[in-house]
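Asks: generate a structure from the sequence data that follows.
(2 chains)
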Amino acid sequence: MASAPEPLPALSLENVCHRFGSPARADTALANVTAIAPAGAVSGLIGPDGAGKTTLLRLVAGLLRLQSGRIEVLGEDVARNPDAARARLGYMPQRFGLYEDLTVRENLELYAKVQNVAPQAWMARGSELMHMTGLAPFLGRLAGRLSGGMKQKLGLACTLVRIPQLLLLDEPTVGVDPVSRRELWSIIDHLVRTERLTVLVSTSYLDEAERCQRVLLLHEGRLVSATEPAEFAAQTRGRSFQVSAADIGKRQLQAELAQRPGVLDATIQGSSVRIVTAAGAPPPSASARASGRALSIVAVPPRFEDSFVALLKSGATAAAPEVPTSGERAPLAPEHGAAPAPAPLPAAAAEAEPVILATQLTRRFGDFIAVDAISFAVQRGEIFGLLGANGAGKSTTFRMLCGLLPASSGTLRVAGYDLRRAAASARARIGYMAQKFSLYADLSVRENLRFFASAYRLRDPQRRARIAWALEEFALGAHADAVSRELPLGFKQRLALACALLHQPEILFLDEPTSGVDPLARRDFWRRINALAEAGVTVLVTTHFMEEAEYCDRLAVLAQGKVLATGDPDSLKARVRSAEHPQPTMEDAFIALLEAAEQPQAA
Amino acid sequence: MNESLERLSGLLRKEGLQILRDPSALAIAFLLPAMLLIIFGYGVTLDPHRVALAVVSEQPDALTQSFVAQLRGTPYFSTESFTTIQPAERAFDADRVSAIVWFRSNFTRQGFTNGAAPIGIIVNGVDANTARLIEGYLQQTWANWLAMRSREHGLPAGLPIDPEPRVRFNPAVRSRDYLVPGLIAIVMTLTGALLTALVIAREWERGTLEALMATRATIREILLAKLVPYFLLGMGGMVATLVLAVWLFGVPFHGSLLVLTGVSALFLLAALGMGLLISSVARNQFVAGQIAIIVTFLPAFILSGFVFDIGSMPWPIRLLTHIVAARYFVATLQSLFLAGDIWSVILPNALALAVMAVIFLGAARLRARKRLD
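Replies: Coordinates of the predicted model:
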């Protein structure tokens, strides 16, 4: 290692393995991870939930016993000399490690003392941190009362009271609004530039890979790639295209393109479809047609995710083989689907009464207004998104829509029922899938299905038929008697969706359905949701996740309980298109909306 | 060393602020003990009081009247008069009365001829403890009455011996006087074991302990920062209970405050050791609370001699009480309050407490690692 011409890496991992549980029935969290993080650079530890990111960071921080392999932090062996290694690193755990009943100042002072920052040094360091994070006006506020973005910055400031040489951040951007997310990244960049800090940051957002100088891509405990992100993305250069066609629904277009030979991946992006072709496959010709319509095909620069999906699909890793890839299976047939009737034409549906209609919907908790006079309408068969950061009012709106929380004022009609008067009748038409997949972890797949079927009052011939349908449709048959707790994340998600669809609801509510899920499982999930929407089921999604927003027909962007804008993804993005931003992302659009909303207050 | 003190002071300050701002900590440390004190001080008493008594006088006369008056004169009984046994037995069967005193028609005649007139006593034995107490009270009242009569009439008493009982150490025989001192053990178990286990589990739940472990703070500083504030809180609870016991409930305190403080400190250290040990196993508040209640609070209540006499427990359970720290503390407390500094009681119990404190704190220290697994 010393013979290497480049400087010593800040972090080196050699054959790191980690298992949880008893030796007899152990879960492998990490398998033979060998990697380095170069000094003075940002390395991203990227992978879906359950990939082993947190385990790896905790091993580096010396918080878990190293079972096998070797970890060196700035030349110190973590297993042999944990205190010396720990003294040189800063670690921010997932929920920022803040004391919510202490104020911002008290939290900072605690960490300053615990890290032995001398009082004189703290004067200077403290004001520097205040300046960097913009927390100065909130010093006296309890940490529990800060917004998600503020908590994240305070957590970061607490780990930076003494400048570490290696900074470990565990999913610092989860649930945080995109403005704060961008600010965090610019703080990190600033630190790396001015302090020559080495940063290892974990994230499940693939789009954050591009902000790192080096990416360690984890999948199911294995390091599948350790490169520069641009280099990784370049693997699919010349294979990414944006396809659109007039007069064909985007979902139909996506389903058709996904089945074509040579197409590795097809995802909806606003009103067009983004495809990635297989290596060696000919690029789609300009004369290609779908459903007899001419297609317009534009080559687009490759994204990090394209290469990741290509890698997973080419079978280079031990990706779960059970996850069916699009095209291998027929889309949901309407008679199997949840809709009682075949899909009406979208044009006809638009004229009918909206399935969900919120008018001036408001919810107060004491003098706090969680939802402030929001209005929106969702048509049958539409996928409608509520996009916003944690604390924007999504969950409160969701609970009111489900009839779990009465509105303070305003009206809310769901499936033709006024929720004030007939919440129970409306609820019978609703399927709900909670964020954390609220399944009974101790019950088997079949027992969970049976329980939810009886909770929805399905009686026997029908009940048995629906459970058989769920097991077949969601490819859960082989695991019918497995305990839910032990299922992989993607399976849990499918089971949760199956449970929500047992009573053939007209409306499906999804709460952050695919955040943290690996890209293949996310594609599989949205393929099912798209088929349901085509069959006439109305889908309402809440998310803080830009990628999920792209799958929606229309969106309401929420911040601080207010709707900032409503529209389809393309029109929202089009608002911020400019000379320097010819291809704005959903995140660009969201940030522009947030900034515009703050302008009048500042003036 | 200086740096270590610096870190410790930061952690202690944090802990203090959290205790002051957390209503649930204050509730467990002060509200719950106050409620227990009021319940045990006013409500729960093991002494029968105003027991409903049926008095059957088949031939009421001056003699029976005088005995009934004697019964009424005590605070223990409220009487209901009958002239035949049948309605009295119906009242007894319906549980309107707990005991029957039966003067047969030949009572007065026999009383004057033989000098020993029999009375019939029937006591409801469902609650054996109360039954024995009622029986004892009745016999005592009977003996007092006989003694009084013999004095008044200058006659030799019907009974050759004067059966006046003597009760030592608790002359008022008030169960409150031995229940309330034992409460100090309960209060200290609450703050030492339950509250400590809960607050550490909360730090696990919120991920703050994980953040602290990645700092320079050593595990010894982290543990010490939990021990010191809850030690002070527990001693505060002891003082508050003592003050209320003596001033509000008039419980006597015969021992010395110094001994009480010393023994309380030993017990509290053992309780804190248990709390720390529990929190090293249970990392969420629900489990920590359950374990703390089952292994510390309930044994302190049931197996410590606080309510139930250890001597009358079957031997396997008696054996079990030896691993309950509260047992040694309750024995010391009862003798400190009711008898004084009885060194033959205090020293062995204090020694047992010291051993337990060392074992629990030592085990907690050995188990604690700056690691999550």
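
Asks: ok, the closest residue to residue A:21 other than its chain neighbours to chain B distance?
Replies: Spatial nearest neighbour of residue A:21, excluding adjacent residues (Cβ to Cβ, 6 or more residues apart in numbering or on different chains): residue A:27 at 5.5 Å. For the C-beta atoms, the positions are set from N, CA and C on the backbone; glycine is no exception. Remark: distance between residue A:27 and chain B (Cβ to the nearest Cβ, to the nearest Å) = 13 Å.

Asks: bridging residues for residue A:27?
Replies: Applying DSSP bridges to residue A:27 gives these bridge partners: residue A:20.

Asks: just give me the neighbour total for it.
Replies: Residue A:27 sits with 11 neighbouring residues when counted by other Cβ atoms under 10 Å in any protein chain shown.

Asks: can you show me the strands along chain B?
Replies: Residue ranges of the strands in chain B, as given by DSSP state E, are B:51-57, B:77-82, B:99-103, B:120-123.

Asks: now do the longest one against strand B:99-103, angle only.
Replies: Put simply, strand B:51-57 runs at 20 degrees to strand B:99-103, going by axes from the mean of the first three to the mean of the last three Cα atoms, to 10 degrees.

Asks: roughly how far does the closest residue to residue B:202 other than its chain neighbours sit from residue A:187?
Replies: Excluding its sequence neighbours, the residue lying closest to residue B:202 (Cβ to Cβ, 6+ apart) is residue B:285, at 5.6 Å. Residue B:285 sits 34 Å away from residue A:187, taking Cβ to Cβ, to the nearest Å as the criterion.

Asks: up against chain A, what does the stretch 151-300 of chain B have?
Replies: Within the stretch 151-300 of chain B, the positions near chain A by Cβ under 8 Å from any Cβ of the partner chain are B:206, B:207, B:208, B:210, B:211, B:212, B:213, B:214, B:215, B:216, B:217.

Asks: mind running it again at 6 Å?
Replies: Contact residues, the stretch 151-300 of chain B versus chain A (Cβ under 6 Å from any Cβ of the partner chain): B:207, B:208, B:210, B:211, B:213, B:214, B:215, B:216, B:217.

Asks: for residue A:238, grab the count of nearby residues.
Replies: Residue A:238 - counted by other Cβ under 10 Å - has 11 other residues nearby.

Asks: enumerate every residue touching residue 92.
Replies: In the absence of a named chain, this looks at chain A. A:155, A:159, A:169 (Cβ atoms under 6 Å, 6 or more residues apart in numbering or on different chains).

Asks: not what I meant, chain B
Replies: Residue B:92 makes contacts with residue B:100, as judged by Cβ under 6 Å, 6+ apart.

Asks: residues near residue 314, how many?
Replies: Unless you meant another one, I'm taking chain A. By the criterion of other Cβ under 10 Å, residue A:314 has 12 neighbours.

Asks: wrong one, I was asking about chain B
Replies: Neighbours of residue B:314 using other Cβ under 10 Å come to 8.

Asks: now residue 209: closest residue in space that isn't a chain neighbour?
Replies: Reading this off chain A. Residue nearest to residue A:209 in three dimensions, not counting chain neighbours: residue A:304, with 4.2 Å by Cβ to Cβ, 6+ apart.

Asks: looking at chain B here, not the other one
Replies: residue B:203 (4.1 Å).

Asks: what pLDDT is listed against that neighbour?
Replies: For residue B:203, the pLDDT comes out at 92.

Asks: how close does it get to residue A:155?
Replies: To residue A:155, residue B:203 is 15 Å away according to Cβ to Cβ.

Asks: those two: who's more crowded?
Replies: Taking neighbours as other Cβ under 10 Å, residue B:203 and residue A:155 compare with residue A:155 leading, 26 against 20.

Asks: and for the closest residue to that one other than its chain neighbours, the neighbour number?
Replies: Once flanking residues are discounted, residue A:155 sits nearest to residue A:96: 2.8 Å by Cβ to Cβ, 6+ apart. The tally of other residues near residue A:96 (other Cβ under 10 Å) stands at 27.

Asks: backbone dihedrals for residue A:96, please?
Replies: phi 70, psi -10 (degrees, to the nearest 10).

Asks: thought residue B:303 was touching residue B:321?
Replies: Yes - counting by Cβ atoms under 6 Å, residue B:321 is a contact partner of residue B:303 at 4.7 Å.

Asks: higher neighbour count, those two?
Replies: Higher neighbour count among residue B:303 and residue B:321: residue B:303, with 22 against 19, using other Cβ under 10 Å.

Asks: tell me the pLDDT at the residue in the stretch 201-350 of chain B that chain A sits nearest to?
Replies: Residue of the stretch 201-350 of chain B nearest chain A, by Cβ to the nearest Cβ: residue B:211 (2.4 Å). What the model reports for residue B:211 is a pLDDT of 92.

Asks: can you list the low-confidence ranges for chain A?
Replies: Along chain A, the model assigns pLDDT under 70 to residues A:1-7, A:22-26, A:286-288, A:315-352, A:437, A:600-603.

Asks: before I go, just wanted to say thanks for your time.
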